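A.B. asks: one predicted model, sequence on top.
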Amino acid sequence: MTAVQGGFRGWAADRKGAMSRLRFTSLRLRLVVVFGLVALTAAVSASGIAYWLNREAVLTRTQDAVLRDFQQEMQNRAGALPAHPTQDELQRTAGQMAGSSQRFSVLLVGEDTGGKTVYGSSDGLSAFALDDVPASLRKAVDKQQKVTGSNKSAYHLYWQRVVDHGTPYLVAGTRLIGGGPTGYMMKSLEPEAKDLNSLAWSLGIATGLALIGSALLAQAAATTVLKPVHRLGVAARRLGEGKLDTRLRVSGTDELADLSRTFNDAAEALEKRVDDMAARDDASRRFVADMSHELRTPLTAITAVTEILEEELEAESGSMDPMIEPAVRLVVSETRRLNDLVENLMEVTRFDAGTARLVLDDVDIADQITACIDARAWLDAVELDAERGIHARLDPRRLDVILANLIGNALKHGGSPVRVSVRMEQEEGGDLVIAVRDHGPGIPEDVLPHVFDRFYKASASRPRSEGSGLGLSIATENARIHGGSITAANSPEGGAVFTLRLPRDASRLAEESKEAGDTGKAGDAGDAGEKDA
């Protein structure tokens, strides 16, 4: 058995292989895309969650430290100021507060003894001003809360994150309980933003690497999965081409291995069945051929006797008993029919065995048709429409068989006159077209698909007829080995039309037939003496 080995060393070079490559590439692409989408979704989700958790952790840690430090400074330093401080006192205290470990800007707002609002900023009067504090935050800081059991203070510390010219800031504010200045703080979060941007870039790079890794993993997985599938496709194609000894190498215990075993079992069963059918077919053909040959010898003797009886029938002396004359005529007729049947069976056997060969010659089509009609005494019943000088390189004996069957069939089942027209297609490489039309009732639509079948009878009520039921089938086979065809149809004007289409030159087919083997030559040597259909 021929084993389809792994690898196959590249893709097949033929067109079917190219289509297979396209299909497998498409499936491979889908697998890679699915793997990539899954990996991208997972990586983006993981990166997003990681970024969000780290962002909250960094900002919360920084924010808590700054707010704690600011609140401590407000209690220690701003709480030490008098109820009505001067601007210098506020300025000095704000500078001291800003010098804490968190390094934030401070703005203190109070009233002097004259009731005038005074400001003190750690960065100078023009750096951190009250306008830099959001109005909503100022309103919340100045709002006095009702002191209850759950709320021990009238004022609270409020904070808000803002972005100014692309830089994030933390802004907070509170008032001293019991009187004193109101303090505001501003802390730049740019270092934390840079750290978070670096983290985002790192997570993005990690996501990209994960995507690339997933694509490579998908490619490897697709190769692992698709290689057995590709081998199965190649094996199935080889099986379809008639290489029934094709088998797959089975390895492993997975589903693909089970599929390979199933394929091998199916291929083995198919090979066995085809071999059995081929053996029965060969036996049938040998039986028909042997039977035909065995019948030839007694038929030769019977034919000789019937010829003598026919001469007696035609003799003017009238020596034959009138009582046995019908029986003699029946014997003569049936002997001729049997002889035709045997000859046709032998011809069919040659076609089935592939031993029929072409013996080509340059043929004048009009002369060939005229000779066929004249040899069978059909001149009065057939009209010929063919120009002289139309030549083709064909097998004249087989062309005569085709014409005899078509014209004889038209005369027998159609109606006179039968018209035979010949034309040559004008385009380069055009075919020879011969149409045989009768003037009968035409062919029933349900019969048209079967007119070229062997032993087909259009009427079940007439199982016996003068013909063998093989004439049109033999004509079709003779046209086919020329590379041509025969079609049947009904003419719109009435009657049936059989159209024979043959190439102008059948030399190429004859060469191919000769290369296929010389075994048919011996069988064809006797063809020249065969009786026409």
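C.D. replies: Okay, I see it. Numbering: from 1, shown residues only.
A.B. asks: host element of Leu37?
C.D. replies: Assigned by DSSP states H and E, Leu37 belongs to helix 15-76.
A.B. asks: run the chain-centre distance for that helix.
C.D. replies: For helix 15-76, the separation from the chain centroid amounts to 37 Å (computed by Cα atoms, centre = their mean, to the nearest Å).
A.B. asks: how distant is the helix or strand just after it from the center of its chain?
C.D. replies: The C-terminal neighbour of helix 15-76 among helices and strands, as given by DSSP H and E, is helix 87-98. Helix 87-98 has its C-alpha centroid displaced from the chain centroid by 82 Å (Cα atoms, centre = their mean).
A.B. asks: next: stretch 411-428.
C.D. replies: Relative to its parent chain, stretch 411-428 has a centroid offset of 44 Å by Cα atoms, centre = their mean.
A.B. asks: helix, strand or coil for Val342?
C.D. replies: What DSSP: H, G, I helix; E, B strand; the rest coil gives for Val342 is helix.
A.B. asks: equivalent analysis for Val497, please.
C.D. replies: Following three-state DSSP, Val497 is assigned to strand.
A.B. asks: what sits against it?
C.D. replies: 435-437, 488-491 (Cβ atoms under 8 Å, 6 or more residues apart in numbering). No exception for glycine: its C-beta is placed from N, CA and C like everyone else's.
A.B. asks: can you name the residues bridging to it?
C.D. replies: Note on Val497: beta-bridge partners Arg437, Ala489, judged by DSSP bridges.
A.B. asks: from Leu403, how far off is it?
C.D. replies: For Val497, the distance to Leu403 (Cβ to Cβ, to the nearest Å) stands at 15 Å.
A.B. asks: please apply the same query to Asp88.
C.D. replies: Asp88 sits 132 Å away from Leu403, taking Cβ to Cβ as the criterion.
A.B. asks: between the two, which one's more packed in?
C.D. replies: Leu403 (24 against 10; other Cβ atoms under 10 Å).
A.B. asks: that's a helix at that one, yeah?
C.D. replies: Yes: if the criterion is three-state DSSP, then Leu403 is within a helix.
A.B. asks: surely it touches Ile369?
C.D. replies: Yes: using Cβ atoms under 8 Å, Leu403 makes contact with Ile369 at a distance of 6.0 Å.
A.B. asks: need the residues touching each of the two.
C.D. replies: In terms of Cβ under 8 Å, 6+ apart, Leu403 and Ile369 are both contacted by the residues 420, 434.
A.B. asks: of the contacts of Val497, closest to Arg273?
C.D. replies: Nearest to Arg273 among the contacts of Val497 is Ala488, at 34.2 Å by Cβ to Cβ.
A.B. asks: measure the closest one to Asp340 for me?
C.D. replies: Separation of Ala488 from Asp340 (Cβ to Cβ): 22 Å.
A.B. asks: low pLDDT regions in the stretch 201-350 of the chain?
C.D. replies: For the stretch 201-350 of the chain, the stretches flagged by pLDDT under 70 are 288-289, 291-292, 315-321, 344-345.
A.B. asks: helices of that one, residue ranges please.
C.D. replies: For the stretch 201-350 of the chain, the helices defined by DSSP state H, counting those that start in this stretch occupy 255-314, 325-353.
A.B. asks: pick the most buried one from these.
C.D. replies: Stretch with highest mean neighbour count among the helices of the stretch 201-350 of the chain: helix 325-353 (a mean of 17; mean count of other Cβ atoms under 10 Å).
A.B. asks: now for it, which elements pack on it?
C.D. replies: helix 255-314, helix 471-481, helix 519-524 (3 or more Cβ pairs under 8 Å, 6 or more residues apart in numbering; DSSP states H and E).
A.B. asks: redo the ones you listed as CSV? Include distance to Asp362.
C.D. replies: Shown next, in CSV, are those (distance: least, Cβ to Cβ, whole Å):
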stretch, distance to Asp362
helix 255-314, 32
helix 471-481, 18
helix 519-524, 20
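A.B. asks: may I see the buried residues of the lengthiest strand in the chain?
C.D. replies: The residue-count maximum for a strand in the chain (DSSP state E) belongs to strand 167-175. Residues of strand 167-175 classed as buried: 168-175 (neighbour count, 16 or more other Cβ atoms under 10 Å).
A.B. asks: what of stretch 431-441?
C.D. replies: Across stretch 431-441, burial judged by 16+ other Cβ under 10 Å covers 431-432, 434-440.
A.B. asks: so which residues make contact with it?
C.D. replies: By Cβ under 8 Å, 6+ apart, the surrounding residues in contact with stretch 431-441 are 365, 369, 390, 392, 403, 406-407, 410-411, 413-425, 484, 491, 494-504.
A.B. asks: rewinding a little: for Gly48, find the nearest of the helices and strands packed on helix 325-353.
C.D. replies: Of all those, helix 255-314 sits nearest to Gly48, with 36.8 Å by Cβ to Cβ.
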